[in-house]
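[1] Return a 3D structure for these sequence lines:
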Amino acid sequence: MKRIGTSGSEQLYDVEGTRAIERALASKLLPFELMDRAGLAVARLALAVAPHSRHIWVACGPGNNGGDGLVAARHLLGHSRRNGGHLHVTVTLCGDMARLPPDAARALDRALETGVVIAPRPPRVFDCAIDALLGLGAQRPPEGRLAEQLQTMHSGSATVLSVDLPSGLLADTGVYFGPAPKIGPGPRHTLSLLTLKPGLFTADGRDMAGTVWFDDLGATPLDQVAPVAMLQCVLTTSPQRAQAAHKGSQGDVVVVGGQGVAITGAGMTGAAILAARAALHAGSGRVYVGLLNGAEPSVHWDPQCPELMFREIDTLLQDHRLLQNAGVVCGCGGGSAVVVRLPQLLSTCPTLVLDADALNAIAQDALLQTLTRQRALRGWVTVLTPHPLEAARLLGQSTGTVMSDRLAAAQALTKQLGAICVLKGSGSVITGPEQTPVINASGNPLLATAGTGDVLAGMVGAALAVPPRSAFQAVATAVAQHGQLADRWDRERMGELTAGRLALKTRHLR
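    This next block holds a predicted model:
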């Protein structure tokens, strides 16, 4: 058993793949052995995450997930008896005892034989709740007694340990099946069994699952069952710069965006400045900024980062050698003014990061979509960094449809436009042509503030400015670093996380 998110990367399997691995392992074991292993693992983890509990409630459901809970209850009761009876175990069972699956029915018989008592209702007070109500086989949203028990266990300050999945969470998508219970202040843990599921790490999964633990129960990966995605848990060590390095060897970044206030009365210059600052502090040798200012006087320099090199937009876009060799970031605060610049950028920049208004423009223009697809035929690198609404516009869908399957939405964008896609959000999804998707494990709600997406775009541009061995991995690493900055943010020492502060903290990432 191990805690997830502390080292390495992990393979993620959907329900179909998990079922195949389960069948393969069960065929090699004695009857009931797999459930016994699962229940024992649950009991051990419950004692580890809530070591001082005086009262544990095991909430069992009508399927094999409930059977795992019954086995865990039997082991917890045995532990209590061996240690003077200090631990009280209450077991509830939602479902008809006469209609349990064979393994769960056997688990119930063995639990009853060892003295487990099925209580008619949950305890009024408990220190730890084990959620063994619904697992992979859930076919409908939690309702009735089952939904009431979920709300009871989640609403307080008790530790909650979910068996395999938080009940009601869809394993493949991370969407909660029905109205989610209100989450209280208590710690949340999930023990994923046999495989890790993508839904634990994106959409609603991160809030519901809490800390994720994994026990393969002795299963080994099957060659014929491929993971649907990889979870990126920790960053690879950034390469050291050579002693002979100079600004020209560290890559150039060009930022095009920042529509001026004179164009529509709504200025967005700051978005482009944030992206440029982030690229600079992420290690780029030189960063050029072309603001879409319209008729107003141009911004000539950035007092906080005087290293940024500002160019009139027409002058910048005439520098074909620079555009051919730089990592170009387009769209941050681009507004409507970016539309007329996109055909040239799509047609001339081999490395292009498209964000915000560049994505909105492409979503509305068939010609721009064609130019974007043609880039893949040239072997050029295109990176899209949409949030869910921008992804919905590109796909011609609703935001709800995108959020109902974030992995599928990102893959659809990659297929549609031939680009690397970073679908931002809780558990950002990174997809690319002929690449196994990646779900990013870093980041937290501190990033839910204006401008942090512009910072990410600048970091991605910096990661691509020196042609990497793998553009896809470079993008995934930049996403992970962006989240890791938030995970390491010390609010007492550094103040509230704002995009401006975040952009200045990207230094030393390369």
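[2] hey, let's count contacts and neighbours off CA atoms from now on
    Fine.
[3] hang on, residue 73 packs against residue 91?
    Yes. Contact criterion C-alpha atoms under 8 Å: residue 73 and residue 91 qualify, at 7.1 Å.
[4] between the two, what contacts are shared?
    Counting by C-alpha atoms under 8 Å, 6 or more residues apart in numbering, the shared contacts of residue 73 and residue 91 are 58, 116.
[5] mind giving me the domain split of this protein?
    The chain breaks down into these domains under automatic domain parsing: 2-228, 250-381+446-473+481-488.
[6] End to end on the last one, go ahead and measure it.
    As for domain 250-381+446-473+481-488, its first-to-last residue distance stands at 26 Å under the measure C-alpha to C-alpha, to the nearest Å.
[7] that older thread, for residue 73 and residue 91, indicate the residue with more neighbours.
    Applying other C-alpha atoms under 10 Å to residue 73 and residue 91 shows that residue 73 carries more neighbours, namely 30 against 23.
[8] related to what we said a few turns ago, make JSON lines from the domains of the chain and add mean pLDDT to it.
    Below are the domains of the chain laid out as JSON lines (pLDDT from 0 to 100):
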{"stretch": "domain 2-228", "mean pLDDT": "95"}
{"stretch": "domain 250-381+446-473+481-488", "mean pLDDT": "93"}
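[9] and of these, who's closest to residue 404?
    domain 2-228 (6.1 Å; C-alpha to C-alpha).
[10] Report how many residues lie close to residue 233.
    Using other C-alpha under 10 Å, residue 233 is surrounded by 18 other residues.
[11] I should have written residue 98 there, sorry.
    7.
[12] so what's it closest to, chain neighbours aside?
    Nearest residue to residue 98, sequence neighbours excluded (C-alpha to C-alpha, 6 or more residues apart in numbering): residue 105, at 7.9 Å.
[13] The one you found - that's part of a helix, no?
    Yes. Using DSSP: H, G, I helix; E, B strand; the rest coil, the assignment for residue 105 is a helix.
[14] My read is that it contacts residue 97, right?
    Yes. Using C-alpha under 8 Å, residue 105 is in contact with residue 97, at 7.4 Å.
[15] and these two? which has more neighbours close in?
    Using other C-alpha under 10 Å, the more surrounded residue of residue 105 and residue 97 is residue 105, with 20 against 12.
[16] Next up, the contacts around that one.
    67, 97-98.
[17] quick one: which of those residues is nearest residue 39?
    Using C-alpha to C-alpha, residue 67 comes nearest to residue 39 of the contacts of residue 105, at 7.9 Å.
[18] Starting from residue 502, give me the distance back to the closest residue to residue 443 other than its chain neighbours.
    Counting by C-alpha to C-alpha, 6+ apart, residue 443 lies nearest to residue 483, which is 3.6 Å off, once chain neighbours are set aside. Going from residue 483 to residue 502 by C-alpha to C-alpha gives 10 Å.
[19] which SS state does residue 23 fall under?
    Three-state call for residue 23 (three-state DSSP): helix.
[20] Could you report the neighbour count for it?
    Applying other C-alpha under 10 Å, we find 10 residues neighbouring residue 23.
[21] Check residue 437 too.
    24.
[22] How about the contacts made by it?
    Applying C-alpha under 8 Å, 6+ apart, the residues near residue 437 are 228-230, 407, 411, 429-431.
[23] Relative to residue 478, which of these is nearest.
    Among the contacts of residue 437, and counting by C-alpha to C-alpha, the member closest to residue 478 is residue 430, at 10.9 Å.
[24] How about the contacts made by that closest one?
    Residue 430 touches 410, 420-423, 437-440, 476, counting by C-alpha under 8 Å, 6+ apart.
[25] Now with 7 Å, please.
    Under the criterion of C-alpha atoms under 7 Å, 6 or more residues apart in numbering, the neighbours of residue 430 are 421-423, 437-439, 476.
[26] closest to residue 388 among those residues?
    Among those, residue 423 lies closest to residue 388 (C-alpha to C-alpha), at 6.8 Å.
[27] Quick check: bridge partners of that closest one?
    Bridge pairing for residue 423 (DSSP bridges) gives the partners residue 429.
[28] Distance check, it against residue 101.
    Distance of residue 423 to residue 101, given as C-alpha to C-alpha: 39 Å.
[29] between those two, which one's more packed in?
    Taking neighbours as other C-alpha under 10 Å, residue 423 and residue 101 compare with residue 423 leading, 26 against 15.
[30] per-residue confidence for that one?
    Looking at residue 423, its pLDDT reads 98.
[31] before we move on, which element is residue 392 in?
    Using DSSP states H and E, residue 392 sits within helix 388-395.
[32] Which neighbouring elements make contact with the helix or strand that that helix is followed by?
    Per DSSP H and E, helix 388-395 leads on to helix 399-404 as the next helix or strand towards the C-terminus. Counting contacts by 3 or more C-alpha pairs under 7 Å, 6 or more residues apart in numbering; DSSP states H and E, helix 399-404 is packed against helix 388-395.
[33] Measure how far stretch 413-421 is from the centre of its chain, please.
    Distance of stretch 413-421 from its chain centroid, counting by C-alpha atoms, centre = their mean, to the nearest Å, is 18 Å.
[34] Straight-line length of it, end to end?
    In stretch 413-421, first residue to last residue: 7 Å (C-alpha to C-alpha).
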